[in-house]
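Q: sequence and predicted structure, then a few things I'm wondering about:
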Amino acid sequence: MRTLITGSAGFVGTGLIQHLLADPAQHVVAAFTTSPPRQLGSALAIQVSELGADTDWSKALDRVDTVVHLASRVHVMNDAAVDPLAEFRRVNVAGSLHLARQAAAAGVRRFVYSVRSRSMERPLQPAKPFVPTIHLNQPILTASASTRPSLP
């Protein structure tokens, strides 16, 4: 089995890579944007541009059976974006949907979407731009999966 991990340099991503690599039948593709994840072991590291509606995932999705999508825009301190909510939507919503569409087109059989954030571990604070974008993704990705192979 070949699994693509987005957000592979994050806390959950690095742990998941190590767990999957313990199984010799697993082949892991670790997608990263700036610097390769630490402790890659035998994982194949593929650099992609930032998560967005124009990201080309074709190289990372080559022969992949499962995508575990952990990447998102979170924990932005001193945000310089003119419109932070629009930037969160561009990355977290449009970027995730774009990845799901490319994964479906590439024949990926499973798409697992998971987000871990401190804001998700305590009562939700809707005023924070990250929270509404995550709530938008669940119905969008669910609808996309139900209409596969022709995603909206």
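A: Noted; the coordinates are in hand.

Q: now do the strands in this protein.
A: In the chain, strands defined by DSSP state E lie at 2-6, 27-32, 44-47, 66-69, 110-113, listed in chain order.

Q: what packs against the last one?
A: When contacts are defined as 3 or more CB pairs under 8 Å, 6 or more residues apart in numbering; DSSP states H and E, strand 110-113 sits against strand 66-69, helix 95-105, helix 130-146. In this view, the C-beta of every residue, glycine as well, is placed from N, C-alpha and C.

Q: just for the protein, where's the confidence low?
A: Scanning the chain with the threshold set as pLDDT under 70 gives 36-39, 75-77, 116-152.

Q: what's the burial count for Arg109?
A: With neighbours defined by other CB atoms under 10 Å, the count for Arg109 comes to 11.

Q: ok, now Thr55?
A: 21.

Q: how about His19?
A: Burial of His19 is recorded as 11 neighbouring residues (other CB under 10 Å).

Q: quick one: contacts for it?
A: Taking CB atoms under 8 Å, 6 or more residues apart in numbering as the criterion, His19 is in contact with no other residue.

Q: now do Ala31
A: Contacts here follow CB under 8 Å, 6+ apart; on that basis Ala31 touches Leu4, Ile5, Thr6, Gly7, Ser8, Ile46, Gln47, Val48, Trp57, Ala60, Ala71.

Q: and what of Ile5?
A: Applying CB under 8 Å, 6+ apart to Ile5 gives the contacts Gly13, Leu16, Ile17, Leu20, Val28, Val29, Ala30, Ala31, Ala43, Val68, Leu70.

Q: now Val28
A: Residues in contact with Val28, defined by CB under 8 Å, 6+ apart, are Arg2, Thr3, Ile5, Ile17, Leu20, Leu21, Ser42, Ala43, Leu44.

Q: just to revisit the earlier point, just the buried members of the contacts of Ala31?
A: Buried members of the contacts of Ala31, scored by 16 or more other CB atoms under 10 Å, are Leu4, Ile5, Thr6, Gly7, Ser8, Ile46, Val48, Trp57, Ala60, Ala71.

Q: what is the nearest of the contacts of Val28 to Gly95?
A: Ile5 (15.6 Å; CB to CB).

Q: neighbour-wise, which one of the contacts of Val28 leads?
A: So for the contacts of Val28 (other CB under 10 Å), the most neighbours sit at Ile5, 28 neighbours.
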